[in-house]
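Asks: model the following, please.
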Amino acid sequence: MTVSMQALMAAAGPAVRDVGTSLPTGTVRFREWEDANGWYGILTTDSLLTAELRLPPVVHVAEAVVTVAGIVQQLVAQTVDGGERPRLWPSCPAHPRDHALRPILLDRQAVWTCPGDDAVVAGIGKLVDPEVNHRRRQGELAAAMGWFARYEVLSPKEARRLAEREGRPVRIVGPNGGRRSSLVPSRLNLLMGPDGELTGMDAG
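Replies: Okay, here's the model as predicted:
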């Protein structure tokens, strides 16, 4: 009984995907090959470091994902991060200067954990570049506030009347601020000047 190409790709795919989505530069490519012993894989970095990947014929998929993640992590560590020190990958959000995340099998799930406090950070295959994640959240926020375009052409008083007709939440923000509550994308903020007149507006 030999390992199938599909099983090999299922084992290698998550960690290889994590490299592509969590590192600003550098990739790990995966190619599958076959010989008399069955299918095996070759992992290659941009700096041409390679590792051969062979799996036993019978292995739980999550276990294989963890095994491959460890191999990919070792490959990435051999590449330098702007100097001569090994690259700590994946970076631990809580301790980025101390250690990389650790791939483990937890409740039959392949996950990245912090070696310091054993906290689960993400499933293997689900890491995201923080900058990409930030842009995605900003895009989602902008979409949620798309309604405000109709209000921008109105005066603050007209906008307040429209919000009341539509049942939209309204907050009055005084001259000294007062934005202590959490962001509400559907809310209209009316800005009040020192004289009690409405001077502007924004969303959130």
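
Asks: my read is that residue 105 contacts residue 64, right?
Replies: No - here residue 105 lies out of contact with residue 64, judged by C-beta atoms under 8 Å, at a distance of 10.0 Å. To be clear about C-beta, it is placed using only N, CA and C from the backbone, and glycine gets the same treatment.

Asks: so for those two, which sits in the more crowded spot?
Replies: Set residue 105 next to residue 64 and count neighbours by other C-beta atoms under 10 Å: residue 64 wins out with 22 against 16.

Asks: for that one, which non-adjacent residue is spatially closest?
Replies: residue 11 (3.6 Å; C-beta to C-beta, 6 or more residues apart in numbering).

Asks: next structured bit after the host helix or strand of the one you found?
Replies: Using DSSP states H and E, residue 11 falls within helix 5-22. Once helix 5-22 ends, the next helix or strand along the chain (criterion: DSSP H and E) is strand 28-35.

Asks: dump that following strand to CSV, keeping only the CA atoms.
Replies: Listed next in CSV are the C-alpha coordinates belonging to strand 28-35 (Å, rounded to 0.1, in the frame of the first residue of the first chain):
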residue,chain,number,x,y,z
VAL,A,28,7.8,27.3,-0.4
ARG,A,29,6.8,25.3,-3.4
PHE,A,30,5.6,21.8,-3.4
ARG,A,31,6.0,19.2,-6.2
GLU,A,32,4.9,15.6,-6.2
TRP,A,33,7.0,12.8,-7.7
GLU,A,34,6.6,9.1,-8.0
ASP,A,35,9.0,6.3,-7.9
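
Asks: so which elements touch the next helix or strand along the chain from it?
Replies: Counting by DSSP H and E, the next helix or strand C-terminal to strand 28-35 is strand 38-45. Helices and strands touching strand 38-45, as assessed by 3 or more C-beta pairs under 8 Å, 6 or more residues apart in numbering; DSSP states H and E, comprise helix 5-22, strand 28-35, strand 50-53, helix 61-77.

Asks: report the rounded mean pLDDT for strand 38-45.
Replies: Per-residue pLDDT over strand 38-45 has a mean of 85.

Asks: so that strand versus helix 5-22, what angle?
Replies: Per axes from the mean of the first three to the mean of the last three C-alpha atoms, to 10 degrees, the angle that strand 38-45 makes with helix 5-22 is 10 degrees.

Asks: contact partners of strand 38-45?
Replies: 2-5, 7-8, 12, 16, 26-34, 50-55, 57, 71-72, 75-76, 78-79 (C-beta atoms under 8 Å, 6 or more residues apart in numbering).

Asks: filter those to the buried ones?
Replies: Buried by 16 or more other C-beta atoms under 10 Å: 3, 7-8, 12, 16, 28, 30, 51, 53, 55, 71-72, 75-76, 79, out of the contacts of strand 38-45.
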